[in-house]
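1. how would this look folded up:
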Amino acid sequence: MSDPATWTAAERAAFDARRRSRNRALGILLAALTVLFFGITMVRMVPPSGEVQAKLMAQPKGWDGR
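-> This is a model prediction of the structure:
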């Protein structure tokens with residue numbers, strides 16, 4: 001690509017449009033990952049339901065007795 005200082009107004013507008021498009025896509029990706037990580041964190045923080053908790057309690061204890 002040629003030197004940006006010599007671009008015409010149309011070339012500059014096209015470049016800016018491509019840049020905005022890329023930035024928008026990266027912003028959406030970042031927001032989606034943030035929501036995904038937040039959701040995973042929230043799910044992991046919820047205490048297990050009765051059935052799951054019963055299964056966890058029924059598992060044999062480790063070597064240290066816990």
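2. Check the offset of whatever helix or strand residue 24 lives in from the chain's centre.
-> Counting by DSSP states H and E, the element that carries residue 24 is helix 9-45. Here helix 9-45 shows a centroid-to-chain-centroid distance of 10 Å under the convention C-alpha atoms, centre = their mean, to the nearest Å.
3. likewise stretch 47-63?
-> 30 Å.
4. In CSV, list the C-alpha atoms belonging to it.
-> Output in CSV follows, covering the C-alpha atoms of stretch 47-63 (Å, rounded to 0.1, in the frame of the first residue of the first chain):
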residue,chain,number,x,y,z
PRO,A,47,-23.6,-24.5,45.4
PRO,A,48,-24.4,-27.9,44.0
SER,A,49,-28.0,-29.1,44.0
GLY,A,50,-29.2,-31.9,46.4
GLU,A,51,-28.6,-34.7,44.0
VAL,A,52,-25.1,-33.6,42.9
GLN,A,53,-24.2,-32.8,46.5
ALA,A,54,-25.3,-36.3,47.6
LYS,A,55,-23.1,-37.9,44.9
LEU,A,56,-20.1,-35.7,46.0
MET,A,57,-20.6,-36.7,49.6
ALA,A,58,-20.8,-40.4,48.7
GLN,A,59,-17.4,-40.4,47.0
PRO,A,60,-14.6,-42.1,49.0
LYS,A,61,-12.5,-39.8,51.0
GLY,A,62,-8.9,-39.0,49.9
TRP,A,63,-5.8,-40.3,51.4
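5. State the mean pLDDT of it.
-> Averaging pLDDT along stretch 47-63 gives 73.
6. Kindly report the same for stretch 19-27.
-> Averaged over stretch 19-27, pLDDT sits at 98.
7. buried set for it?
-> Within stretch 19-27, no residue counts as buried by 16 or more other C-beta atoms under 10 Å. From N, CA and C alone the C-beta is placed, and that goes for glycine too.
8. ok, now stretch 44-51?
-> Going by neighbour count (16+ other C-beta under 10 Å), nothing in stretch 44-51 comes out as buried.
9. follow-up on the earlier one: C-terminal to the helix holding residue 24, what's the next element?
-> Following helix 9-45 in sequence, per DSSP H and E, is helix 50-58.
10. What residues sit buried inside that following helix?
-> Under the neighbour-count criterion of 16+ other C-beta under 10 Å, helix 50-58 has nothing buried.
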